[in-house]
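Colleague: next input, structure requested:
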Amino acid sequence: MTDILAQYGTLIYLLVIVAFFYLFLIRPQQKQHKQRLAMLNNLKKGDKIVNHGGVIGTIVDVRDDKITVRIADKVEVNMLKEGVAKVLGK
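Modeller: Here you go, the predicted structure:
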C-alpha cells in the first residue's frame, strides 16, 4: 500500500488540487456567467437598471446589443448591454 502511495502520491495530490479548483472556482464562475447572460438577454423596456458606473436609469429601447436608457427628464443615453451591472426591477 505504501509503495502505491509513494509511486502515485504526487499524481493523487495533483488530481485533488484540480478537483478543488474545478468545484470551488471554475464551476461557480461558469454559473455566474450564465446568470449574467440570462439577465442581459432578458432586458426589456421599462426595467430600472444600474450601469457599472453607478448611474441609475430606465430602459426606453432595446436593440440587439445596445439599449437606450433615460437617466433624467429628457436625458437619454445609448449604451451597450454589457454595461448593465444589475436590474433593479420595474
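Colleague: what's the strand or helix carrying residue 79 packed up against?
Modeller: When secondary structure is defined by DSSP states H and E, residue 79 falls within strand 75-80. Using 3 or more CB pairs under 8 Å, 6 or more residues apart in numbering; DSSP states H and E as the contact criterion, the secondary-structure elements in contact with strand 75-80 are strand 66-72. The C-beta positions use only the backbone N, C-alpha and C, and glycine is treated the same way.
Colleague: ok so, going back, buried ones in the strand holding residue 79, by neighbour count?
Modeller: Neighbour counts over strand 75-80 (16 or more other CB atoms under 10 Å) mark residue 79 as buried.
Colleague: what pairs with that strand, and is each one parallel or antiparallel?
Modeller: When pairs are called by DSSP bridges, strand 75-80 turns out to pair with strand 66-72 (antiparallel).
Colleague: hang on, the earlier thing: beyond the strand holding residue 79, next helix or strand please.
Modeller: Once strand 75-80 ends, the next helix or strand along the chain (criterion: DSSP H and E) is strand 84-89.
Colleague: chain center to the helix or strand encompassing residue 17, what's the gap?
Modeller: Remark: residue 17 resides in helix 2-21, with elements defined by DSSP H and E. What separates the centre of helix 2-21 from the centre of its chain is 33 Å, taken as CA atoms, centre = their mean, to the nearest Å.
Colleague: show residues contacting that helix.
Modeller: Helix 2-21 has contacts (CB atoms under 8 Å, 6 or more residues apart in numbering) with no other residue.
Colleague: for stretch 72-90, give the mean pLDDT please.
Modeller: Here stretch 72-90 scores 93 as its mean pLDDT.
Colleague: other residues contacting that stretch?
Modeller: The set of residues external to stretch 72-90 that reach it, using CB under 8 Å, 6+ apart, is 39-40, 43, 46-53, 56-57, 60, 65-71.
Colleague: all good on my end, thank you.
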